[in-house]
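>>> Got a sequence here, can you build the structure:
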Amino acid sequence: MDSKINFTERKYVIILLFVITLFMLWGIAITLGDVLNRHFQNVLHISKSRSGLVQLSIFGAYAVMGIPAGLFMRRFGYKKGVLLGLFLYSAGAFLFVPAANAESFNFFRLALFILACGLATLETVAHPLVASLGDQRTSDQRINFSQAFNGLGGVIGPAIGSYFILKAGQEHSNDLISVKHLYIAIGSVIALIGIVFSFVKVPALTDPHVVATDSYAVALENHIERKLFHHKHFIFAAIAQLFNVAAQGGTWAYFINYGHDIMHLTDEKAGYFFSLSMIMMMAGRFAGTFLMRYIAPNKLLWIFALANIAMCIIVAQGFGWASFIALLFINFFFSIMFPTIFSLGLKDLGKQTQQASSFIVMGVVGGGIFPPIMGLIANHNVATAYYLPIVCYAVVFLFGFTYSHLNREATS
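Numbering: from 1, shown residues only. This is a model prediction of the structure:
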């Protein structure tokens with residue numbers, strides 16, 4: 001890859017910085033869900049497998065909202081897409097108040113679903129938006145760089161959750177008051193960001209994947225949809241993304257349980273180690289952004305997938321600190337997978353790029369399906385449950401390994 005190609009252009013720096021903030025904000029929300037998973041087990045007295053429905057509520061929203069968000073973006077443009085996402089994010093956060101008052105797990109799941117519809121909207125908008133801020137040949141680098149700040153949000157989320165929700169001995173560690181107060185604060189911050197962004201001028205953009213501007217509103221025609229599904233690299237990307245996020249959802253959902261059950265840590269300390277694992281993910285994304293200047297993104301993807309298969313085998317043995325360190329390293333090697341699969345799947349799709357973005361975002365539902373399945377095994381042995389993500393990383397490996405052949409077919 002030519003290392004002299006510009007990362008972005010000066011005129012796009014401000015909007016890129018704002019989009020990076022969006023990546024961080026949904027990183028906070030998603031990883032807080034994994035803290036809530038453990039807290040609901042303690043306070044609402046539910047099993048590990050039932051607590052996995054937290055992830056189903058979050059990631060299931062992506063399956064529901066992916067296509068509507070994409071159509072909304074096509075019709076109204078990037079800016080209104082961002083504002084819709086922030087509104088739903090804030091509304092879902094404020095719904096934690098009546099959910100906590102009712103002490104209802106299902107009410108919390110509804111609030112999380114609405115909040116996650118906002119996350120799905122932001123994610124559907126943000127990826128093609130970042131791709132549009134420069135040359136297509138560096139879109140992998142821009143998306144990985146932006147996703148590194150999603151990793152920063154992932155560090156902040158469990159750190160906040162561990163301190164305010166899981167910290168033993170504090171006044172509200174065994175009830176839902178701290179959850180309610182935390183989400184009031186989150187909803188207020190997101191609402192304020194939405195108000196500020198409403199005054200920001202988003203420049204007219206030309207997506208390098210698309211021969212049109214961000215504001216085009218073309219009716220979705222059947223022949224376009226059929227042509228999209230003739231691109232094998234896109235279809236495999238959507239499948240790989242589903243399995244990739246399935247592995248992520250399961251790994252994160254039971255990280256704190258692993259720390260508690262296998263390592264005999266307190267929930268609070270396990271939560272802080274979860275935050276450390278997010279630092280590992282952020283480091284992996286910065287490292288990946290650098291390495292992609294010299295190694296083809298699809299090649300780096302399958303190398304990291306093989307590494308995670310090895311990590312999962314070690315974690316599943318329950319070897320103590322050796323396995324726990326491997327659990328931390330899963331996030332390092334996982335780091336580049338979501339943004340790289342996303343970017344590779346969007347290559348050379350022309351005007352179908354935004355529609356394709358919606359379908360790939362829908363693959364995030366894998367993160368909701370997998371945790372309850374892992375939870376059935378984790379109810380008996382949380383370490384053994386980590387054999388399951390190996391299947392997911394095998395699919396990611398195959399996508400990365402065969403990508404060059406698939407993309408050549410698409411462009412021939």
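>>> Contacts for stretch 392-402 next, please.
For stretch 392-402, the external contacting residues (Cβ atoms under 8 Å, 6 or more residues apart in numbering) are 236-237, 239-240, 243-244, 246-247, 298-303, 305-306, 308-309, 312, 337, 340-341, 344, 366, 370. Using the backbone N, CA and C atoms, a C-beta is placed for each residue, glycine as well.
>>> where exactly do the helices run in the stretch 151-300 of the chain?
177-197, 222-228, 232-253, 255-261, 267-291, 297-316 (DSSP state H, counting those that start in this stretch).
>>> Would you agree residue 32 is in contact with residue 159?
No. Applying Cβ atoms under 8 Å, one finds residue 32 not in contact with residue 159, separated by 10.0 Å.
>>> which of the two has more neighbours?
residue 32 (28 against 20; other Cβ atoms under 10 Å).
>>> confidence score at that one?
Reading off the confidence values, residue 32 has pLDDT 85.
>>> What sits closest to it if chain neighbours are left out?
Of all residues not flanking residue 32 in the chain, residue 157 sits nearest, at 4.5 Å (Cβ to Cβ, 6 or more residues apart in numbering).
>>> count of residues packed around that neighbour?
Residue 157: 27 neighbours (other Cβ under 10 Å).
>>> what about stretch 156-174, average pLDDT?
70.
>>> make that stretch 272-285, sorry
88.
>>> Which residues does it contact?
Counting by Cβ under 8 Å, 6+ apart, residues outside stretch 272-285 touching it are 27, 31, 34-35, 144-145, 147-152, 154-159, 162, 252, 255-256, 259, 265, 304, 324, 327-336, 339.
>>> mind listing what's buried in that stretch?
Of all the residues in stretch 272-285, those buried under the rule 16 or more other Cβ atoms under 10 Å are 272, 273, 274, 275, 277, 278, 279, 280, 281, 282, 284, 285.
>>> Am I right that residue 182 is in contact with residue 160?
Yes. Using Cβ under 8 Å, residue 182 makes contact with residue 160 at a distance of 7.0 Å.
>>> tell me the mean pLDDT for the top helix by length along the chain?
Longest helix in the chain by number of residues (criterion: DSSP state H): helix 53-94. The average pLDDT within helix 53-94 is 87.
>>> Next, the angle from that helix to helix 232-253.
90 degrees (axes from the mean of the first three to the mean of the last three Cα atoms, to 10 degrees).
>>> following helix 53-94, which helix or strand comes up?
helix 96-102 (DSSP states H and E).
>>> Can you give me the buried ones in that following helix?
So for helix 96-102, counting by 16+ other Cβ under 10 Å, buried means 96, 97, 99, 100.
>>> got these as a markdown table, with distance to residue 124 columns?
Below are those laid out as a markdown table (distance: Cβ to Cβ, whole Å):
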| residue | distance to residue 124 |
| --- | --- |
| 96 | 24 |
| 97 | 27 |
| 99 | 26 |
| 100 | 29 |
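>>> Which one of those is nearest to residue 129?
residue 96 (28.5 Å; Cβ to Cβ).
>>> For the closest residue to the closest one other than its chain neighbours, give me its contacts.
Nearest in space to residue 96, with sequence neighbours left out and distances taken as Cβ to Cβ, 6+ apart, is residue 183 at 3.7 Å. By Cβ under 8 Å, 6+ apart, residue 183 lies in contact with 93, 94, 96, 97, 111.
>>> Please give me every residue in contact with residue 368.
55, 56, 57, 58, 59, 60, 62, 63, 249.
>>> residues near residue 184, how many?
15.
>>> ok, it touching residue 90?
No. The criterion here is Cβ under 8 Å, and residue 184 misses it with residue 90 at 10.6 Å.
>>> about what we covered before: now the helices of the stretch 151-300 of the chain in JSON lines, with distance to residue 392?
Output for these, formatted as JSON lines (distance: least, Cβ to Cβ, whole Å):
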{"stretch": "helix 177-197", "distance to residue 392": "30"}
{"stretch": "helix 222-228", "distance to residue 392": "24"}
{"stretch": "helix 232-253", "distance to residue 392": "4"}
{"stretch": "helix 255-261", "distance to residue 392": "16"}
{"stretch": "helix 267-291", "distance to residue 392": "16"}
{"stretch": "helix 297-316", "distance to residue 392": "9"}
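>>> hey, least reliable of these by pLDDT?
Across these, helix 222-228 gives the lowest mean pLDDT, at a mean of 52.
>>> picking that back up, tell me which of the helices of the stretch 151-300 of the chain sits nearest to residue 386.
helix 297-316 (4.4 Å).
>>> Can you give me the separation between residue 286 and residue 31?
18 Å (Cβ to Cβ, to the nearest Å).
>>> now residue 279: how far from residue 345?
27 Å.
>>> And residue 380, by the same measure?
37 Å.
>>> ok, those two, which is more surrounded?
A count of neighbours by other Cβ under 10 Å puts residue 345 above the other of residue 380 and residue 345, at 28 against 9.
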